[in-house]
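Undergrad: Provided below for reference: sequence and predicted model.
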Amino acid sequence: METEDTYLTISYDSTGLYKEKGSKFLSFAFPVSHEDEIKEKLDSLRKKYYDARHHCYAFVLGKDKDIYRTNDDGEPNHSAGDPILGQIRSNQITNILIVVVRYFGGVKLGVGGLIAAYRTAAAEAITNNQIVEEVVKKKIILQFGYLSMNDVMKVIKDYELEIINQHFDNDCSMSLLVREGMLNEIKSKFENLDGIEIIID
């Protein structure tokens, strides 16, 4: 089976906790798919834990893990965001946001101590989750006359395609989710049918 159209991510929201010399590091892992979602999660944590000293985070997006960012939120450079990102990368996960909220306990931990604390807190949130393999899917829209319905439905049934939207009239339209690795094969199946217009979204 082709694997280049799959990626690893987490199943649900999870939390972790690490304590060191009075400081508390609360960690939160979220499955996310776009940056707007990340902003919402960060805003909500900042409101809920408004009295915490730092909200440090890292996220990775996209099948190729090419969209990522870290934030030390006032901790020494590279002592918080990078260790969090390191945990995401070592588990090869994408479409994930991890935020570590720190309550300062009065004792400075030093850069080495901070790196260890943020790394451990992030690892806890991942350990308390479930890593799953997801398939990259592309949306295709079909437009066709009613008489082509049986031919279209046969391809959908043969490949067990997921229908996300449909409209039937004299002119019909359907939106389907297709596994990326199968896209060309399925597209050519539909192209072989008469009077079908295909739009890849």
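TA: Happy to help now that I have it.
Undergrad: what's the neighbour count on residue 131?
TA: When neighbours are defined as other C-beta atoms under 10 Å, residue 131 has 14 of them. Placement of C-beta: from N, CA and C, glycine included.
Undergrad: can you tell me how far it is from residue 118?
TA: 20 Å (C-beta to C-beta, to the nearest Å).
Undergrad: can you tell me the closest non-neighbouring residue to the most centrally placed residue in the chain?
TA: Nearest residue to the geometric centre of the chain (C-alpha atoms, centre = their mean): residue 95, 2.1 Å. Once flanking residues are discounted, residue 95 sits nearest to residue 9: 4.5 Å by C-beta to C-beta, 6 or more residues apart in numbering.
Undergrad: and what of residue 41?
TA: Nearest to residue 41 is residue 30, by C-beta to C-beta, 6+ apart, at 5.2 Å.
Undergrad: neighbours of that neighbour, how many?
TA: Applying other C-beta under 10 Å, we find 23 residues neighbouring residue 30.
Undergrad: tell me what it is bridged to.
TA: Going by DSSP bridges, residue 30 is paired in beta bridges with residue 97.
Undergrad: is it in contact with residue 88, as I believe?
TA: No: taking contacts as C-beta atoms under 8 Å, residue 30 lies outside contact range of residue 88: 11.8 Å.
Undergrad: sec struct for the residue lying farthest from the centre of the chain, please.
TA: No residue in the chain has its C-alpha farther from the mean C-alpha position than residue 147, which lies at 39.7 Å (C-alpha atoms, centre = their mean). For residue 147, the assignment made with DSSP: H, G, I helix; E, B strand; the rest coil gives helix.
Undergrad: number of nearby residues for residue 90?
TA: Counted by other C-beta under 10 Å, the residues lying close to residue 90 total 12.
Undergrad: err, residue 173, not the other one
TA: For residue 173, using other C-beta under 10 Å, the count is 15.
Undergrad: that older thread, please enumerate the shared neighbours of residue 30 and residue 88.
TA: Counting by C-beta atoms under 8 Å, 6 or more residues apart in numbering, the common neighbours of residue 30 and residue 88 are 96, 98.
Undergrad: got phi/psi on residue 121?
TA: Per-residue torsions, residue 121: phi -60, psi -40 (degrees, to the nearest 10).
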